[in-house]
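Enquirer: Here's a sequence, model it:
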Amino acid sequence: NGLFLMNMKTNSVRNIPYEAYSMGKWISGIVSDDRYVYLGTKDGVYRLGNDFKEEAHFTTNDGLPHNNIEHVLLDSKGRLLFATRSKGIYELTREGTANLLYPVDRADVEFKSLAEDINGNIWAATNGDGVICFKKDSVFQITVASGLKSDFCYSLISARENGICVGHRLGMSRINTLNM
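Expert: Sure thing, here's the model as predicted:
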């Protein structure tokens, strides 16, 4: 368990050590920018330098709403967004502050995955509440009642031609973003 790096030239794999207990080795998302590698884990967010040395570890003690981070996303504005059980989608700043960027009207939504469409809108898959789209000035919820296969959504990806693909337990849905 943990983080491994594969050398494609030699086909060798090596473990990347960082200080974590078992929950911190359960990695649910990885994303990187020009300076850092971010790991979303069941024990918060770990920030490693590009040399893979641990630089910081952020948890509820540092202001995260929950330690079980389901997904991390670097959006087109360079913000690190994360999905977890919370009242919305948060950004983790480089200084380690968790800011609620995209609130929802309920106190406890289990966010599972995030995606950004070609227009910069943020989409969130939820465990039981369908898909939520955060536009610049509006929030939209797509559920079974509006044509989604299931309200239990586990993954999202921005697709070509104005689409968002949603993964469910027994299939997938495709949302046409032009209809939003």
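Enquirer: what's the helix or strand encompassing Ser28 packed up against?
Expert: Per DSSP states H and E, Ser28 falls inside strand 27-32. In terms of contacts (3 or more C-beta pairs under 8 Å, 6 or more residues apart in numbering; DSSP states H and E), strand 27-32 is packed against strand 36-41, strand 71-74. No exception for glycine: its C-beta is placed from N, CA and C like everyone else's.
Enquirer: buried sites along the shortest one?
Expert: For strand 71-74, the buried set under the neighbour-count rule, 16 or more other C-beta atoms under 10 Å, comprises His71, Val72, Leu73.
Enquirer: wait, what's in contact with the last one?
Expert: With contacts taken as C-beta atoms under 8 Å, 6 or more residues apart in numbering, Leu73 has the following neighbours: Gly29, Val31, Leu80, Leu81, Phe82, Ala83, Leu114, Ala115, Glu116, Ile122.
Enquirer: Just checking: what are the partner strands of the strand holding Ser28?
Expert: According to DSSP bridges, strand 27-32 forms sheet pairs with strand 36-41 (antiparallel).
Enquirer: buried ones in stretch 159-168?
Expert: Neighbour-count burial for stretch 159-168 [16+ other C-beta under 10 Å]: Ala159, Gly163, Ile164, Val166, Gly167, His168.
Enquirer: do the same with stretch 28-44
Expert: Residues of stretch 28-44 classed as buried: Ser28, Gly29, Val31, Tyr36, Val37, Tyr38, Leu39, Gly40, Thr41, Lys42, Asp43, Gly44 (neighbour count, 16+ other C-beta under 10 Å).
Enquirer: Pull out the C-alpha coordinates of that stretch and format them as PDB.
Expert: The C-alpha trace of stretch 28-44 is given here as PDB (Å, rounded to 0.1, in the frame of the first residue of the first chain):
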ATOM      1  CA  SER A  28      -7.900   7.600  -3.600                       C
ATOM      2  CA  GLY A  29      -6.600  10.400  -5.800                       C
ATOM      3  CA  ILE A  30      -3.300  11.800  -7.100                       C
ATOM      4  CA  VAL A  31      -2.800  15.100  -8.900                       C
ATOM      5  CA  SER A  32       0.300  17.200  -9.500                       C
ATOM      6  CA  ASP A  33       1.300  20.700 -10.600                       C
ATOM      7  CA  ASP A  34       4.700  22.300 -11.400                       C
ATOM      8  CA  ARG A  35       5.800  22.200  -7.700                       C
ATOM      9  CA  TYR A  36       3.800  19.500  -5.800                       C
ATOM     10  CA  VAL A  37       2.200  16.100  -5.900                       C
ATOM     11  CA  TYR A  38      -1.000  15.900  -3.900                       C
ATOM     12  CA  LEU A  39      -2.400  12.600  -2.500                       C
ATOM     13  CA  GLY A  40      -6.000  12.300  -1.400                       C
ATOM     14  CA  THR A  41      -6.200   9.600   1.200                       C
ATOM     15  CA  LYS A  42      -8.400   8.300   4.000                       C
ATOM     16  CA  ASP A  43      -6.100  10.300   6.300                       C
ATOM     17  CA  GLY A  44      -6.400  13.700   4.600                       C
END
